[in-house]
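1. Show me the folded form of this:
(one chain, ligands or ions: 2)
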Amino acid sequence: MTTPIRFELIKTCRQTGARLGILHTPHGSFETPMFMPVGTLATVKTLSPEELKTMGAGVILSNTYHLWLRPGHDIVAEAGGLHAFMNWDRGILTDSGGFQVFSLSEFRRIEEEGVYFRNHLNGDKLFLSPEKAVEIQNALGADIIMAFDECPPYPATYEYMKQSIERTSRWAERCLKAHRRPNEQGLFGIVQGGEYEDLRRQSARDLVSLDFPGYAVGGLSVGEPKEVMNRVLEFTTPLLPADKPRYLMGVGSPDSLIDGAIRGIDMFDCVLPTRIGRNGTVMTSEGRVVIKNAQYARDFSPLDPNCDCYTCRNYTRAYIRHLIKCDETFGIRLTSYHNVYFLIKLMEQVRQAIREDRLADFREEFFERYGFNKP
Ligand SMILES: CCCSCc1cc(N)cc2c(=O)[nH]c(N)nc12
Ligand SMILES: [Zn+2]
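-> Numbers count the residues shown, from 1 in each chain. Ligands and ions are numbered 1, 2, ... in the order given. Presented below is the predicted three-dimensional model:
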């Protein structure tokens, strides 16, 4: 079998152990560590593919659960798959849907065969299994697809977590068997286990024995303190093969991206930049700015004086505040553009710091300026 996904390790930062790599996919090769913007319903909200390319996005995400419900994976397949449907010719990754079922739907029941739940849009009864999740992702046609997993809430008891990861491992094997396009789409396994080191080891051992082309660390960014996330990463990423890509799911604040890269993560995704952008909050090199605040009414400087994005080169805080206050769509386009650009460029700076073996120094400088070190 020719694997469609290959990770090329370029170098390791001598200061931190962070990795500089290249993720090779059927739709291009992209440097890592990378930030992947999320386009849940086949669009990164308010941004065009051309804008995403201009800012340097390589892989974007879409969502099995949402696209299954609307417009239906059969329609996307008829369009020629997600790349054709959304006019995106670079990398696409789809999540398997389990997380969204647990986070969006009520009245759910988890059984060995799969998950019974209600459609969050109309209340219809639905069932999602490892086989169905892979069937949908095979139809959507993303370059990277994810195994169907359970992401237990935080905190979860040890007993609950143990039976959950053992079922997730059985589901992972069923996903591999159900995968119909292994030469075109790389199926990643998702390590679970919460904050329990022995369960993380058990989950990683099970999944690595199945030899996936890549691995995700799941079950984080679910409300746990950042110290817990960092501790879990410290003992989990070394369990994963060094020659395979490592994807930390749902992680996206600037400090977590830097701390995740330091702990050996290559790929990140998060809805944060577009989600906070829609309520007028932006990330800048000097910390977060809530643009609606009255202090910006006569502030004719850019969102971020150290940013060269389209928004920061052409518009002022006063103008963007005005648009957001008036619910003008162009306002959230400008904040979303800047926020996605900010995280993509942050990862460029992280990669440069790895090249120069100075990621720990970069972390110190960035945290100081952003205000992460403030008590
Ligand atoms: C488009 C969204 C992708 S990431 C969603 C996500 C986010 C977080 N935080 C955890 C998980 C997880 O454990 N499993 C799965 N499948 N997905 C997760
Ligand atoms: Zn900007």
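
2. what residues are up against the nearest residue to G194 once chain neighbours are set aside?
-> The shortest distance from G194 to any residue that is not its chain neighbour, by Cβ to Cβ, 6 or more residues apart in numbering, is 4.7 Å, and that residue is M161. (Each C-beta comes from the backbone N, C-alpha and C, glycine too.) Contacts here follow Cβ atoms under 8 Å, 6 or more residues apart in numbering; on that basis M161 touches P152, Q192, G193, G194, Y196, L199.

3. What degree of burial does the third one show, as a neighbour count?
-> So that's G193. The burial count assigned to G193 is 27, neighbours taken as other Cβ atoms under 10 Å.

4. ok, it to ligand 1 distance?
-> 10 Å (Cβ to the nearest ligand atom, to the nearest Å).

5. sec struct for W171, please.
-> Secondary structure for W171, judged by DSSP: H, G, I helix; E, B strand; the rest coil, is helix.

6. Tell me which helix or strand L93 sits in.
-> strand 91-95 (DSSP states H and E).

7. And the helices in the stretch 201-350 of the chain, which stretches?
-> Per DSSP state H, counting those that start in this stretch, the stretch 201-350 of the chain has helices spanning 226-236, 254-262, 272-278, 310-314, 317-325, 329-355. These are given in chain order.

8. where does this protein come near ligand 2, residue by residue?
-> C307, C309, T311, C312, H338 (Cβ under 5 Å from the ion).

9. Including neighbour count, could these go into JSON lines?
-> Listed next are these as JSON lines, based on neighbours: other Cβ atoms under 10 Å:
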{"residue": "C307", "neighbour count": "19"}
{"residue": "C309", "neighbour count": "22"}
{"residue": "T311", "neighbour count": "22"}
{"residue": "C312", "neighbour count": "24"}
{"residue": "H338", "neighbour count": "26"}
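
10. thinking again about what came up before, could you dump the contacts of M161 to TSV with secondary structure and pLDDT?
-> Output for the contacts of M161, formatted as TSV (DSSP: H, G, I helix; E, B strand; the rest coil; pLDDT from 0 to 100):
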residue	secondary structure	pLDDT
P152	coil	95
Q192	coil	98
G193	coil	98
G194	coil	98
Y196	coil	98
L199	helix	99
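
11. Tabulate the residues you listed in CSV, adding columns for distance to T284.
-> Written out in CSV, the entries for these read as follows (distance: Cβ to Cβ, whole Å):
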residue, distance to T284
P152, 35
Q192, 35
G193, 36
G194, 34
Y196, 37
L199, 39
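
12. What's the PyMOL syntax to select whichever of the residues you listed are buried?
-> Buried subset of the contacts of M161, written as a PyMOL selection, criterion 16 or more other Cβ atoms under 10 Å:
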select buried, resi 152+192+193+194+196+199
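
13. elements contacting the strand holding L93?
-> Under the contact criterion of 3 or more Cβ pairs under 8 Å, 6 or more residues apart in numbering; DSSP states H and E, strand 91-95 touches strand 59-63, helix 64-69, helix 82-86, strand 144-146.

14. returning to what we had before: most tightly surrounded among the helices of the stretch 201-350 of the chain?
-> Taking mean count of other Cβ atoms under 10 Å as the contact definition, the stretch among the helices of the stretch 201-350 of the chain with the greatest mean neighbour count is helix 254-262, which reaches a mean of 24.

15. List of residues touching that one?
-> With Cβ under 8 Å, 6+ apart as the test, helix 254-262 has contacts from 16-19, 33, 35, 221, 226, 229-230, 233, 248, 251, 268, 283, 342-343, 346-347, 350, 354, 359-360, 362-363, 366-367, 370, 372.

16. hang on, the earlier thing: look at the residue nearest to G194 and report its pLDDT.
-> The predicted local confidence for M161 comes out at a pLDDT of 98.

17. looking at this, it is in a strand?
-> No: secondary structure of M161 (three-state DSSP): helix, not part of a strand.

18. how near is Y319 to I291?
-> Going from Y319 to I291 by Cβ to Cβ, to the nearest Å gives 10 Å.

19. wait, T335
-> The separation that T335 has from I291, given Cβ to Cβ, amounts to 7 Å.

20. got any residues that touch both of those two?
-> Taking Cβ under 8 Å, 6+ apart as the contact rule, T335 and I291 both touch G280, T281, V282, L303, I320, I324.

21. where does this protein dip in pLDDT?
-> 1 (pLDDT under 70).

22. what's near enough to touch the residue most central in space within it?
-> Centre of the chain computed as the mean C-alpha position; nearest residue by Cα atoms, centre = their mean is D269, 1.7 Å away. Listed by Cβ under 8 Å, 6+ apart, the contact set of D269 reads F35, M36, P37, V38, L61, L93, Y247, M249, G250, V251, G252.

23. Same question for the nearest residue to it once chain neighbours are set aside, what's its three-state structure.
-> Nearest non-adjacent residue to D269, counting by Cβ to Cβ, 6+ apart: M36, 4.3 Å away. Remark: M36 carries the secondary structure label strand [criterion: three-state DSSP].

24. Is it correct that M36 is in contact with V271?
-> No: the pair M36 and V271 does not pass the contact test of Cβ atoms under 8 Å, sitting 10.9 Å apart.

25. From the neighbour counts alone, determine which of those two ranks first.
-> M36 (25 against 17).

26. how far away is the more buried one from ligand 2?
-> Applying Cβ to the ion, to the nearest Å, the value for M36 to ligand 2 is 19 Å.

27. Run a quick neighbour tally on S301.
-> As a burial measure, S301 scores 11 neighbours (other Cβ under 10 Å).

28. and the residue nearest to Q349 when sequence neighbours are not counted, backbone torsions?
-> Counting by Cβ to Cβ, 6+ apart, F362 is the residue found nearest to Q349 once chain neighbours are left out, at 6.6 Å. Reported as degrees, to the nearest 10, the phi and psi values for F362 are phi -60, psi -40.
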